[in-house]
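Asks: Need a 3D model of the sequence below.
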Amino acid sequence: MIVALYVLATNAPPARMRASLVMFLFVGMFTSGVWLVSTDVLDRLALMRGLVLAPAVAAGVLIGARLFGPALQGIYRNFCLTLLIGLALAGLVRQIVAG
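Replies: Take a look at the predicted model:
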């Protein structure tokens, strides 16, 4: 995610970086959902599935907030950068295998 890389490149404290990413993802998910529903791309079945999975997303955010303690804030940036590199490598491997 380019936005995550941009946020991680700032000198902001880890709590602010995490809050920025959570807010960006929430706003993006909400506005995309409204747009897809209003243009009939997202049908009723997909909307119901999204509503069923919404508690799992909320639980993930709450668990992440609980685990994000002061002791782990020092490794937050390195962990997120490693995660982004891993996701990028997985995408490259997938493209190589598929294509």
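Asks: C-alpha only now, for contacts and for neighbours.
Replies: Fine.
Asks: neighbours of Pro13, just the number please.
Replies: For Pro13, the count of nearby residues is 13 (other CA atoms under 10 Å).
Asks: how close does it sit to Ser20?
Replies: Plainly put, Pro13 is 11 Å away from Ser20 if you go by CA to CA, to the nearest Å.
Asks: What of Val3?
Replies: Val3 is 10 Å from Ser20, by CA to CA.
Asks: packing partners for the helix or strand harbouring Ala88?
Replies: Element membership of Ala88 [criterion: DSSP states H and E] is helix 76-98. Other elements packing on helix 76-98 under the criterion 3 or more CA pairs under 8 Å, 6 or more residues apart in numbering; DSSP states H and E are helix 2-8.
Asks: Give me the buried stretch members for the helix it packs on, please.
Replies: 4, 7-8 (16 or more other CA atoms under 10 Å).
Asks: Check stretch 84-95 too.
Replies: Leu84.
Asks: Any chance you could list what contacts it?
Replies: For stretch 84-95, contacts defined as CA atoms under 8 Å, 6 or more residues apart in numbering pick out 1, 5.
Asks: Export only the CA atoms of it, formatted as CSV.
Replies: Only the C-alpha atoms of stretch 84-95 are listed here, as CSV (Å, rounded to 0.1, in the frame of the first residue of the first chain):
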residue,chain,number,x,y,z
LEU,A,84,4.8,-4.5,3.2
ILE,A,85,8.0,-6.0,1.7
GLY,A,86,6.6,-9.5,2.3
LEU,A,87,3.2,-8.6,0.7
ALA,A,88,5.0,-7.1,-2.3
LEU,A,89,7.2,-10.3,-2.7
ALA,A,90,4.1,-12.5,-2.4
GLY,A,91,2.5,-10.5,-5.2
LEU,A,92,5.6,-10.8,-7.4
VAL,A,93,5.8,-14.6,-6.8
ARG,A,94,2.1,-14.9,-7.6
GLN,A,95,2.5,-13.0,-10.9
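Asks: No further questions, thank you.
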